[in-house]
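Q: Attaching a predicted model along with its sequence, questions to come.
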There are 2 protein chains.
Amino acid sequence: MRTPVLDLNLLQTFLAVADTGTVTAAAERLSYTQSTVSMQLHRLEAMLGVTLHEKEGRGIRFTPEGERLLGHARRLLTLNNEAMNDMKARQVAGSLTLGIPEDYAFLLTPALAYFHQMYPAMQLKVICGASTDLVQQVQASELDLAVVTRQTHSPGGEVIRRDPLVWAVGANQQPSLVDPLPLALYSPGADVFREVAEHALGSAGRHWRLAYSSQSMTGLMPVVVAGLAVVLITRDMLNPQLRALDEKSGLPALPSVEIALHRAPGRPSEPARQLAELIREHVGSEKQ
Amino acid sequence: MRTPVLDLNLLQTFLAVADTGTVTAAAERLSYTQSTVSMQLHRLEAMLGVTLHEKEGRGIRFTPEGERLLGHARRLLTLNNEAMNDMKARQVAGSLTLGIPEDYAFLLTPALAYFHQMYPAMQLKVICGASTDLVQQVQASELDLAVVTRQTHSPGGEVIRRDPLVWAVGANQQPSLVDPLPLALYSPGADVFREVAEHALGSAGRHWRLAYSSQSMTGLMPVVVAGLAVVLITRDMLNPQLRALDEKSGLPALPSVEIALHRAPGRPSEPARQLAELIREHVGSEKQ
DNA sequence: ATGATCCCATCACGGTTTGTGATATATGCG
DNA sequence: CGCATATATCACAAACCGTGATGGGATCAT
């Protein structure tokens, strides 16, 4: 059994007429002849068996049925555009290079999953590196996009998230707040974290030493859990083995770090734009 | 600017192919020729610039792009059908008669509003009456539909809601539980409420007398608020001027009443079917 | 008023599209 | 291998659709 279906072309001109208010203007906008638009309207009416519009002095006026159809038409057209965009996007091949600090890789999983749904033919390279390097690379167009950590109010890029920082020690340890303070930093954000630590401790007049540094958080854990050092991490990185120190510990308060998105100079490709949007959506705005 | 749009006809045959699994069967179902369906598939592919299907021994197999399009197609077609139904429904003229107990009229407002949205050309008559009368009238096809109140487990109709009953007195009154108990009933549900009261009080060995009865709840209010009588109402009818009595009052526990929907015998018209559905949806299942 | 202007409806025509039937091609099965 | 089944392709006729031209109705300016 064949179900009668609407002609999306007709609905599109119908919407154009609704937007512009006149048949002639709609024809202009759609690169049709005025007579074509007029006939299309009538064709739509004929197929529905309804009068949708009437002449009204200058221009036309919609009947209640016309007004009613408007909503349906809009919904159908947006759905159509979604479908078209999706099908087009799936054909887009090529590659896109994204830089991220290693420790933030896990945050990107959902965004990358969605991206792959939309652009299955797109080859996505993810490069991990230090934030300062990534910024340089993206400015040199070696990367299309880069997610970086940095101190608050740094210039450039687009802030998509702010993560509060905390001092932490092993869950069962008393903070060994000797002087100089033994500090553990892990490399991916080391440059930023080191700057933050220097500034915060410097302002408080405290000395410190780099007791340990590792490529990854897991590498640092033993040292910190054992009580050999205090670590500076984002609050989200806290886990049951760690304990955050509050202001009573005597350590200076910490600012937040910013997660920022940098784009290669020039006009971004459509997939790059989409990926940026997905990252903004899935990584950003969970905090503050 | 003209946006490229999908051809819903092509999507429909595409879906038919997906459902049946073969081009030939789809052609059968759509009253097309096999060659037509084949060409339509290819036309769809040409317009999207994608390969959607491949020959697979017996029948065909969809490519990932084909699978992807399937979801879009289904969404578009359902939206299309909604639109078509709605536009068709708006043209249906005629009249429909609905019977309800007066005190339940307010419950129907949303259902009637929706109905009028769908069938603006339909003339809807609402008749108020006692439940027993309404049942008879709907069986004689004098009404298309009737909403009635009745005791639980009465035969016939379709239960769409159960409303618990309560004894109530004026908010500032102590229950004057003398013997015989002075009872106020209001007419629209009087037949049902009287039966319930008789049964409940009878089983508990209590005497009672009809102290007052009125056409509407508002007519009863002064009598009840003044403390002259106990009233039997559905829990939803309680208002700040009334106070429900719990089991400590010594009055017997009460069953619920059922709200049931009766339809005229014979096959209902499409609008009648829709109205019944709307009533079920908006009146029913808010309780228990 | 009255002509000018703007806008919509309608018509005839030509090009394109679309469904059909016939035919060719591919695949699984006995 | 040949039969059965299914899809692809082709040529053709019918239907469809957009165009330009024309006519008619309403509004605005003079």
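A: Yep, that arrived.

Q: ok, the residue nearest to residue A:50 when sequence neighbours are not counted - contacts?
A: Nearest residue to residue A:50, sequence neighbours excluded (Cβ to Cβ, 6 or more residues apart in numbering or on different chains): residue A:65, at 4.6 Å. Where C-beta positions appear, they are placed from N, C-alpha and C, glycine not excepted. Residue A:65 makes contacts with A:48, A:50, A:51, A:52, B:87, B:90, as judged by Cβ atoms under 8 Å, 6 or more residues apart in numbering or on different chains.

Q: How many neighbouring residues does the third one have?
A: Each residue near residue A:51 was counted by other Cβ atoms under 10 Å in any protein chain shown, and the total is 13.

Q: Contacts only, for the closest residue to it other than its chain neighbours.
A: Spatial nearest neighbour of residue A:51, chain neighbours left out: residue A:63 (5.5 Å); criterion: Cβ to Cβ, 6+ apart. When contacts are counted by Cβ under 8 Å, 6+ apart, residue A:63 touches A:50, A:51, A:52, A:53, A:54.

Q: how much space between the closest residue to residue A:121 other than its chain neighbours and residue A:144?
A: Residue nearest to residue A:121 in three dimensions, not counting chain neighbours: residue A:93, with 4.3 Å by Cβ to Cβ, 6+ apart. For residue A:93, the distance to residue A:144 equals 15 Å [Cβ to Cβ, to the nearest Å].

Q: more neighbours, those two?
A: residue A:144 (23 against 11).

Q: Identify the residues contacting the more buried one.
A: Counting by Cβ under 8 Å, 6+ apart, residue A:144 makes contact with A:96, A:97, A:98, A:138, A:263, A:264, A:268, A:269, A:272, A:275.

Q: which SS state does the first one fall under?
A: Pointing back at residue A:96 there. Assigned by DSSP: H, G, I helix; E, B strand; the rest coil, the conformation of residue A:96 is strand.

Q: Can you name the residues of chain A that neighbour DNA strand C?
A: Chain A has residues A:22-25, A:34-35, A:38-39, A:41-42, A:53, A:55, A:58-60 near DNA strand C, with proximity defined as Cβ under 7 Å from any atom of the strand.

Q: thinking again about what came up before, columns pLDDT and secondary structure on top of the contacts of residue A:65, output as a markdown table?
A: Below are the contacts of residue A:65 laid out as a markdown table (pLDDT from 0 to 100; DSSP: H, G, I helix; E, B strand; the rest coil):
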| residue | pLDDT | secondary structure |
| --- | --- | --- |
| A:48 | 93 | helix |
| A:50 | 92 | coil |
| A:51 | 91 | coil |
| A:52 | 93 | coil |
| B:87 | 93 | helix |
| B:90 | 90 | helix |
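
Q: In CSV, list those residues along with distance to residue B:109.
A: Shown next, in CSV, are those (distance: Cβ to Cβ, whole Å):
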residue, distance to residue B:109
A:48, 30
A:50, 28
A:51, 30
A:52, 30
B:87, 25
B:90, 21
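
Q: Show the buried residues in the residues you listed.
A: A:48, A:50, A:52, B:87, B:90 (16 or more other Cβ atoms under 10 Å in any protein chain shown).

Q: Between the residues you listed, which sits nearest DNA strand D?
A: Nearest to DNA strand D among these is residue A:48, at 13.9 Å by Cβ to the nearest atom of the strand.

Q: Mind jotting down where the helices sit in chain A?
A: Ranges of helices in chain A, per DSSP state H, are A:8-20, A:23-30, A:34-48, A:64-91, A:109-118, A:131-139, A:190-203, A:217-225, A:270-283.

Q: Deepest in the core, which of those is it.
A: A comparison of these by mean neighbour count, using mean count of other Cβ atoms under 10 Å in any protein chain shown, puts helix A:8-20 on top with a mean of 21.

Q: And the contacts of that one?
A: Residues from elsewhere that reach helix A:8-20 (Cβ under 8 Å, 6+ apart): A:23, A:26, A:28-30, A:32, A:37, A:40-41, A:43-44, A:47, A:52-53, A:60, A:62, A:66, A:69-70, A:73-74, A:76-77, A:80, B:2-3, B:5-8.

Q: again, only this time at 6 Å
A: Helix A:8-20 has contacts (Cβ atoms under 6 Å, 6 or more residues apart in numbering or on different chains) with A:23, A:26, A:29, A:30, A:37, A:40, A:44, A:70, A:73, A:80, B:5.

Q: Could you see whether DNA strand D lies near that helix?
A: Yes - residues of helix A:8-20 contacting DNA strand D under Cβ under 7 Å from any atom of the strand: residue A:9.

Q: Whatever residue of the stretch 101-250 of chain A ends up closest to DNA strand C: neighbour count?
A: At 25.1 Å from DNA strand C, residue A:121 is the closest residue in the stretch 101-250 of chain A, using Cβ to the nearest atom of the strand. When neighbours are defined as other Cβ under 10 Å, residue A:121 has 14 of them.

Q: do the same with the one 4 residues further on
A: Using other Cβ under 10 Å, the number of residues around residue A:125 comes to 11.

Q: can I assume it is in contact with residue A:97?
A: Yes - using Cβ atoms under 6 Å, residue A:125 is in contact with residue A:97, at 4.5 Å.

Q: got a list of what the spatially closest residue to residue A:260 that is not a sequence neighbour touches?
A: Distance criterion Cβ to Cβ, 6+ apart; nearest residue to residue A:260, sequence neighbours excluded, is residue A:157 at 3.7 Å. Contacts for residue A:157 (Cβ under 6 Å, 6+ apart) come out as A:260, A:261, A:262.

Q: Name the nearest of those residues relative to residue B:104.
A: residue A:261 (58.0 Å; Cβ to Cβ).

Q: gap between that closest one and DNA strand D?
A: Applying Cβ to the nearest atom of the strand, to the nearest Å, the value for residue A:261 to DNA strand D is 43 Å.

Q: Alongside chain B, which residues does chain A contribute?
A: A:2, A:5-6, A:8-9, A:30, A:48, A:65, A:72, A:75-76, A:79-80, A:83, A:87, A:90 (Cβ under 6 Å from any Cβ of the partner chain).

Q: go again using 8 Å as the cut-off
A: Residues of chain A that fall close to chain B, judged by Cβ under 8 Å from any Cβ of the partner chain: A:1-9, A:12, A:29-31, A:48-50, A:64-65, A:68-69, A:72-73, A:75-77, A:79-84, A:86-87, A:90-91, A:120.

Q: most neighbours, which of the contacts of residue A:157?
A: Highest count within these by other Cβ under 10 Å belongs to residue A:262, 24 neighbours.

Q: For the residue of the stretch 151-288 of chain A found nearest chain B, give me its contacts.
A: Of all residues in the stretch 151-288 of chain A, residue A:270 sits closest to chain B, at 15.7 Å by Cβ to the nearest Cβ. Counting by Cβ under 8 Å, 6+ apart, residue A:270 touches A:89, A:92.
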